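Enquirer: Provided below for reference: sequence and predicted model.
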Amino acid sequence: MDGKWVRNAWYVAGWSHDLVAGRIEARVIIDQPLALYRKQDGQVVALEDRCCHRFAPLSMGRLEQDDLRCMYHGLKFASDGRCIEIPGQKLIPQSACVRRYPAAERGGWIWIWMGEESAADLRSIPDPVRLDDPAYCMRSGQMDYAAHYLLIDDNLLDLSHLSYAHEKTLGLDMPQWADERPRISALERGLRVQRWLCDQPSRGFMKRWGETLDLWNSYDFLFPGIFLLRTAFYPVGTARRLDRGEPQEPPLFLRYDDQAVTPMTDRTTRYFYAAGARSADIDPERVGRLFGIVEAAFAEDKAIIEAQQKVIDREPGRRMLPTSLDAGPTQFRKLVQALLEQDGRPGPAATAQVG
Amino acid sequence: MDGKWVRNAWYVAGWSHDLVAGRIEARVIIDQPLALYRKQDGQVVALEDRCCHRFAPLSMGRLEQDDLRCMYHGLKFASDGRCIEIPGQKLIPQSACVRRYPAAERGGWIWIWMGEESAADLRSIPDPVRLDDPAYCMRSGQMDYAAHYLLIDDNLLDLSHLSYAHEKTLGLDMPQWADERPRISALERGLRVQRWLCDQPSRGFMKRWGETLDLWNSYDFLFPGIFLLRTAFYPVGTARRLDRGEPQEPPLFLRYDDQAVTPMTDRTTRYFYAAGARSADIDPERVGRLFGIVEAAFAEDKAIIEAQQKVIDREPGRRMLPTSLDAGPTQFRKLVQALLEQDGRPGPAATAQVG
Amino acid sequence: MDGKWVRNAWYVAGWSHDLVAGRIEARVIIDQPLALYRKQDGQVVALEDRCCHRFAPLSMGRLEQDDLRCMYHGLKFASDGRCIEIPGQKLIPQSACVRRYPAAERGGWIWIWMGEESAADLRSIPDPVRLDDPAYCMRSGQMDYAAHYLLIDDNLLDLSHLSYAHEKTLGLDMPQWADERPRISALERGLRVQRWLCDQPSRGFMKRWGETLDLWNSYDFLFPGIFLLRTAFYPVGTARRLDRGEPQEPPLFLRYDDQAVTPMTDRTTRYFYAAGARSADIDPERVGRLFGIVEAAFAEDKAIIEAQQKVIDREPGRRMLPTSLDAGPTQFRKLVQALLEQDGRPGPAATAQVG
């Protein structure tokens, strides 16, 4: 799906702390260059990073209160994208403007709507744990991939790779993640993936609850690659007692992993991640240890996925062999296809449904 | 205009001091590889840098008196490009030759004619200040751009950017360069651009003539990007007294800025520049200071233009928004178009006229 | 001949010491990615380096006895390429396999057959000096080129370049290599090139046999670039006495140079080489000195050939000027063309004959 982008979607552009007052940040999302900055009231602005005059990047420009001046020939733009000054020229044509993208900030995550402004619905922004909520203790980070974003989505949609790709970091050298088929259900713009993993060895502070535990592993995966994982730990036997149904009772411990995959270009993708638990359940030092393991595992994913991308690009037309592991990736790619088709059509864009 | 080159033109290949006796220099101009060297009498030779036999570069060869031997299989070429020896073969076919390009050296500048030899006219070589003339005190330098040469030409043809792109180096943070529309007139292969800038703050040694001065800023801009700027400083009020006409009286101070833009490939360009004044008017140390500021400003141009090139290449088909600032760039691009068309036609090639 | 590969041929993949027990090596030959390893009995295995499932490279996998497990999602392959385990799935479809390439190891050289398995004939493997044979004292090395393999083949097929390209290392600054036309005869998949070089200055320990010597220089050159050179040194006058015929009598000294050119991609090639003599004729220290000169000369070849490739790529359509030096390269390229055509056809593939 090279060069084809779903525009009508919220994409993560970065963390709140990336945007410092008075500075302009250059970002690229689905091949579109963006200049991001804060207005004086703190509100995030996302403009096309390309002056309409001679295409100099506005991110090399200068903030003047809430406006942005291109520092090549001095055209000045309001935060809605309208050109409000052309040096040496009184009349400003209507076509003098750059595109403005709807932007939103939610608990430390910055979201940009890359599609038609009229279709942007703030209520459809996904809902990861707020990083600024004192009830949670989370750590966050990011890394850049030299790979198409769907390869990273595939990885997150098929956790069977945990048994193999992460044997050195997560120590999950056992085939259970692959053998235990998850239940997959459709969401409006994504999939829900759930499974029990029984009798898993305890680690660290969780040993107080027994040598092994049952894990309820459940995540929503939303376009373009928003991964909201909740891992609930229960006493051994819980899964069998509940006949492997979804647990309603409170777990011994609940872990949060929120991630976002943001395509930059066909072969570059930014990967954002946060991990932690409720502040009442964990202390910052333990979150730091856990986060170190997470980052080591992500480096393993990055190595194998970038290598996979190179193999694919060596002979692009080649067909992959589908296996029963691929239910998640396959369903999600159908959803992406549907969103792509919908993007081209007029009318409300936020109602994709994949069965 | 990617991949389209005007051949019938003089291009600057470098400085006289680049060409040391006994050494061969590789250069690229409009995508043509050149091997440059001096004959024993000092005359500059420019041959195609591609042996006709197996395409090894002649610049890796060996000078033998005035001839050049390819050091792959030993073919030897005279300075007019004719092959005069093929090892192991008595007969030398007529087709055994490399192209020879007319070359000229003028006061430290080396010029190469990239078109038909018959059309080369030494009298059409532009006339910058001779660097070896003791009546002048000039310094020279060069830098390479990762950008198409016309983007650099655009920059030189619209000095309104001085108010914005160079606020940190030239300190011209005022809109006068943009507001003061220059008068533009056609030359045979270029444009003349002239304007008064009134009541400009004096700097350094010029303060002896008053807090502010009037500047007469006049340059010829010739294909492919020869920029011959003369900046004449006058007492405040001169512009008004002359009704903003061209001054005939001698200025307080006259500054020379000579520059040349040489396209190497579609995305690489070499930029040559010299700056200074008459030796009677300035001392070398002051020229050094002035030159430091010039180079800092050029680094700013390079940053914004290379960024502009990247933005353009991200979405090549896109249309720019013309403004009234673009008169110079627009007229010059028409001239380039005319030269391109003329290049293809038979007959005398050095008579382009753009109205 | 970019992007066109003769598949039915033995290619050198590396040296025996490259393949360490328990490790997997990634290689690329004619654009095909290979994962090489040794079975527990030491036998070399060459599998396609691309898991059939999601195209992760198997070279990032794990050896399990003689099998190879992909460490992305855990598919396991036997050394014949069959998939023998898919985690989470009982049934393994027949199409689940990666390509296995015939491999052979001969005296330190590892050979891979890149074509149809049925056409692989171990008897057609070329026969360089065995590096592990104590009767010989050889040293070996390799270097990578940024060039098409045929440019390196051209170089080896026209030793007239020795007079020019290696004046600084081999000190052969004389036109005899170019003037002395070799006799060239056809082999089944290559050419035999032979010549006398008379009255050549002796060097080092060979001075004991006179100030100058006659050299019988004879090599077989086989597809894709197997160069088996024997240089026999005789007393001055031998060539004339034999009327420049092939000598049958034992030489004063016999030198061996075995080399292999292995195309990786259109613009990357690996060059393997070994040099030495019979152990009775030379000691290791002298082989070391000789090898140092060889490697310096190869660095000169690499510099000129990579530069040649760049010149070619600057204007790909251009025609070279054939000279009488090119008999070897020209005949060999015809052979390559014949092999390419043969590759497409059904039937026995190992019988190319070029007249």
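Expert: Great, that's in hand.
Enquirer: name the residues of the helix or strand of chain A with the lowest mean pLDDT that are buried.
Expert: Within chain A, judged by mean pLDDT, DSSP states H and E, the helix or strand with the poorest mean is helix A:176-179; its value is a mean of 72. Within helix A:176-179, the residues that count as buried by 16 or more other C-beta atoms under 10 Å in any protein chain shown are A:176, A:177, A:178. C-beta: built from backbone N, CA, C; applies to glycine.
Enquirer: for that helix, give me every contacting residue.
Expert: By C-beta atoms under 8 Å, 6 or more residues apart in numbering or on different chains, the residues outside helix A:176-179 that reach it are A:159-164, A:197, A:200, A:325, C:73-74, C:87-88.
Enquirer: of those residues, which is the nearest to chain B?
Expert: Among the contacts of helix A:176-179, residue A:161 lies closest to chain B (C-beta to the nearest C-beta), at 33.4 Å.
Enquirer: ramachandran angles for the closest one?
Expert: phi -70, psi -20 (degrees, to the nearest 10).
Enquirer: so which residues on the stretch 1-150 of chain A come close to chain B?
Expert: Contact residues, the stretch 1-150 of chain A versus chain B (C-beta under 8 Å from any C-beta of the partner chain): A:31, A:33, A:49-50, A:52-57, A:60, A:69-75, A:86-89, A:93, A:95-96.
Enquirer: picking that back up, how distant is the helix or strand just after the least confident helix or strand of chain A from the center of its chain?
Expert: As assigned by DSSP states H and E, the chain's next helix or strand after helix A:176-179 is strand A:183-187. Chain-centre distance of strand A:183-187: 19 Å, with C-alpha atoms, centre = their mean, to the nearest Å.
Enquirer: separation between residue A:199 and residue B:35?
Expert: Using C-beta to C-beta, to the nearest Å, we find residue A:199 at a distance of 75 Å from residue B:35.
Enquirer: more neighbours: those two, which one.
Expert: Each of residue A:199 and residue B:35 had its neighbours counted (other C-beta atoms under 10 Å in any protein chain shown), and the higher figure belongs to residue B:35 (24 against 15).
Enquirer: who's in contact with the host helix or strand of the more buried one?
Expert: Following DSSP H and E, one finds residue B:35 within strand B:32-38. With contacts defined as C-beta under 8 Å, 6+ apart, strand B:32-38 is touched by B:13-14, B:18-21, B:23-28, B:44-50, B:57-59, B:61, B:63, B:68, B:101, B:103, B:110, B:112, B:114, C:311, C:314.
Enquirer: do that again at 7 Å, thanks
Expert: Strand B:32-38 has contacts (C-beta atoms under 7 Å, 6 or more residues apart in numbering or on different chains) with B:13, B:19, B:21, B:23-28, B:44-50, B:57-59, B:63, B:68, B:101, B:112, B:114, C:311, C:314.
Enquirer: what subset of those residues is buried?
Expert: B:13, B:19, B:24-25, B:27-28, B:44-50, B:57-59, B:63, B:68, B:101, B:112, B:114, C:311, C:314.
Enquirer: for the buried residues of helix A:176-179, give me a markdown table that also has distance to residue A:191.
Expert: Shown next, in a markdown table, are those (distance: C-beta to C-beta, whole Å):
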| residue | distance to residue A:191 |
| --- | --- |
| A:176 | 21 |
| A:177 | 17 |
| A:178 | 18 |
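Enquirer: make a ChimeraX selection of whichever of the residues of the stretch 1-150 of chain A next to chain B turn out to be buried.
Expert: Buried subset of the residues of the stretch 1-150 of chain A next to chain B, written as a ChimeraX selection, criterion 16+ other C-beta under 10 Å:
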select /A:33,49,50,52,53,54,55,56,57,60,69,70,71,72,73,74,75,86,87,88,89,96
